[in-house]
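Asker: Build the 3D model from these lines:
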Amino acid sequence: MSSTIYKLIPEDVHFMPEKANVEQVRSYLASIFPVDKISIEQSEDIQFVDQGENFDQITCPSCDTVIELKWWHQAMDNAWQSAFKDLDVQLPCCSAHNTLHGLHYDFPAGFSRLIFEIENPEEEVTAEQVRMVEQLLGCKIRMVNARY
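Answerer: Below you'll find the predicted structure:
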């Protein structure tokens, strides 16, 4: 049986909120979803937050060209060597400079030190709920819809 996990991550890869803000978000999410379906992962290290089986393709944010997976895997290997502290890349399609986090992942994915996860919710996380999390944390949020 497949699992759906909504992962809410800050758009700023390095962002780490105050403990009180994290607790406010946890309380807010617990008021909407069953508590046993919510988890929070915080780390000093940046990690790739994937979309699991929902992965389709990656495109360049500058020219919309589909990025070859071979190039992306090499870029990920290079970034992994710095523990994802250096995500800067020069794109092979148009030579634009961006980051691995800034690429267009279809479905969304990204990098973060903070992940709020909601496992198998009965209803989808709404745009309004994401905006409330943004207000409570004080940062923009990216939602990663993962299926495993």
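
Asker: Return the set of residues that bridge with the residue sitting nearest the centre point of the chain.
Answerer: Nearest residue to the geometric centre of the chain (CA atoms, centre = their mean): Gly110, 3.8 Å. On the basis of DSSP bridges, Gly110 is bridged to Val49.

Asker: what about it, distance to Ile32?
Answerer: Distance of Gly110 to Ile32, given as CB to CB, to the nearest Å: 22 Å. To be clear about C-beta, it is placed using only N, CA and C from the backbone, and glycine gets the same treatment.

Asker: what's the answer for Gly138, then?
Answerer: Applying CB to CB, the value for Gly138 to Ile32 is 20 Å.

Asker: show me where this protein has strands.
Answerer: 4-10, 38-49, 57-59, 88-90, 97-99, 104-106, 110-119, 141-147 (DSSP state E).

Asker: Can you check what angle separates the first one from strand 141-147?
Answerer: Angle, strand 4-10 to strand 141-147, by axes from the mean of the first three to the mean of the last three CA atoms, to 10 degrees: 160 degrees.

Asker: Which residues does strand 4-10 contact?
Answerer: Counting by CB atoms under 8 Å, 6 or more residues apart in numbering, strand 4-10 makes contact with 17, 49, 52, 110-112, 114-121, 124-125, 130, 133, 137, 139-148, all of which sit outside it.

Asker: which among these end up buried?
Answerer: 17, 49, 52, 110-112, 114-119, 121, 125, 130, 133, 137, 139, 141-146 (16 or more other CB atoms under 10 Å).
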